[in-house]
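In: coordinates for the following, if possible.
(2 chains)
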Amino acid sequence: QQPVQSPQAVILREGEDAVINCSSSKALYSVHWYRQKHGEAPVFLMILLKGGEQKGHEKISASFNEKKQQSSLYLTASQLSYSGTYFCGTASSGNTGKLIFGQGTTLQVKP
Amino acid sequence: DAGVIQSPRHEVTEMGQEVTLRCKPISGHNSLFWYRQTMMRGLELLIYFNNNVPIDDSGMPEDRFSAKMPNASFSTLKIQPSEPRDSAVYFCASSSSGGSYEQYFGPGTRLTVT
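Out: Next comes the predicted model:
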């Protein structure tokens, strides 16, 4: 079951903050966040694991509510380079790397 | 490290032709994933391998699609015969095993079937 991301799109001015949400109907082992710029491949940002461990980007923060099967990505003091499409990928098992990706959230940061 | 390598980067072919996409994962990674990305369907997992063995091919759309991983450093995704609806960007990604490891994506192959 594909996770649901919200919002679908957001436009910001430089320096503003944004929150992107990812919600699943299945119990989750981990949530992965990726950013994709137009014409490029997705790039890893962060992993949040069941139990609270996090791995990833120092300047980006995220949360993972295991009980609600939800994750949020926090982008603070946005820069022009933050523009792109953000995807969450969810894994239901720690034994495999199989990820189901959400439909994406397009973020545009304007000067 | 060179990252995940895919070839060709662009492929234009006519309906009915066979198409073969190639992928070299990052050395030391033992999981390999093939994804397809379209505007309509987003980023879909087609198949993934662990230690060269196909683990889950439930995302492969139909029998026209097949994938192999003959060794740890090479995988192919074949479409035969190709159809216009197969037009998409196909990504290969690799990682260490398990759901707690990040996936590294290749640059993708943009396939156009006319």
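
In: nearest spatial neighbour of residue 81, skipping sequence neighbours?
Out: Let's take chain A. Of all residues not flanking residue A:81 in the chain, residue A:109 sits nearest, at 7.9 Å (CB to CB, 6 or more residues apart in numbering or on different chains). No exception for glycine: its C-beta is placed from N, CA and C like everyone else's.

In: I was after chain B.
Out: Among residues not flanking residue B:81 along the chain, residue B:16 sits closest, at 4.5 Å (CB to CB, 6+ apart).

In: so that neighbour sits in a strand?
Out: No: Residue B:16: not assigned to a strand; according to DSSP: H, G, I helix; E, B strand; the rest coil it is coil.

In: so it is in contact with residue B:82, correct?
Out: Yes: the pair residue B:16 / residue B:82 is scored as a contact, 6.8 Å apart, by CB atoms under 8 Å.

In: settle it for me: which of those two has more neighbours?
Out: Higher neighbour count among residue B:16 and residue B:82: residue B:82, with 23 against 10, using other CB atoms under 10 Å in any protein chain shown.

In: what's the neighbour count on the closest residue in space to residue B:52 that isn't next to it in sequence?
Out: Leaving aside its sequence neighbours, residue B:52 sits nearest to residue B:69 (CB to CB, 6+ apart; 4.7 Å). The tally of other residues near residue B:69 (other CB under 10 Å) stands at 21.

In: roughly how far apart are residue B:69 and chain A?
Out: Here residue B:69 is placed at a distance of 14 Å from chain A (CB to the nearest CB, to the nearest Å).

In: got it, and residue B:31?
Out: Counting by CB to the nearest CB - residue B:31 and chain A are separated by 5 Å.

In: identify the bridge partners of that residue.
Out: Assessed by DSSP bridges, residue B:31 has beta-bridge partners residue B:50, residue B:95.

In: quick check: it touching residue A:97?
Out: Yes: under the criterion of CB under 8 Å, residue B:31 makes contact with residue A:97 at 4.7 Å.

In: what about the residue nearest to the spatial centre of chain B, helix or strand, and which?
Out: In chain B, the centroid-proximal residue (CA atoms, centre = their mean) is residue B:34; its distance is 3.1 Å. Assessed by DSSP states H and E, residue B:34 sits inside strand B:31-38.

In: export that strand as CSV, just CAs?
Out: As requested, the backbone C-alpha atoms of strand B:31-38 are provided in CSV (Å, rounded to 0.1, in the frame of the first residue of the first chain):
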residue,chain,number,x,y,z
SER,B,31,20.8,-5.6,-2.7
LEU,B,32,19.8,-4.3,-6.1
PHE,B,33,16.5,-2.7,-7.1
TRP,B,34,14.9,-1.8,-10.4
TYR,B,35,12.4,1.1,-10.4
ARG,B,36,10.2,2.7,-13.1
GLN,B,37,9.2,6.3,-12.8
THR,B,38,6.3,8.0,-14.8
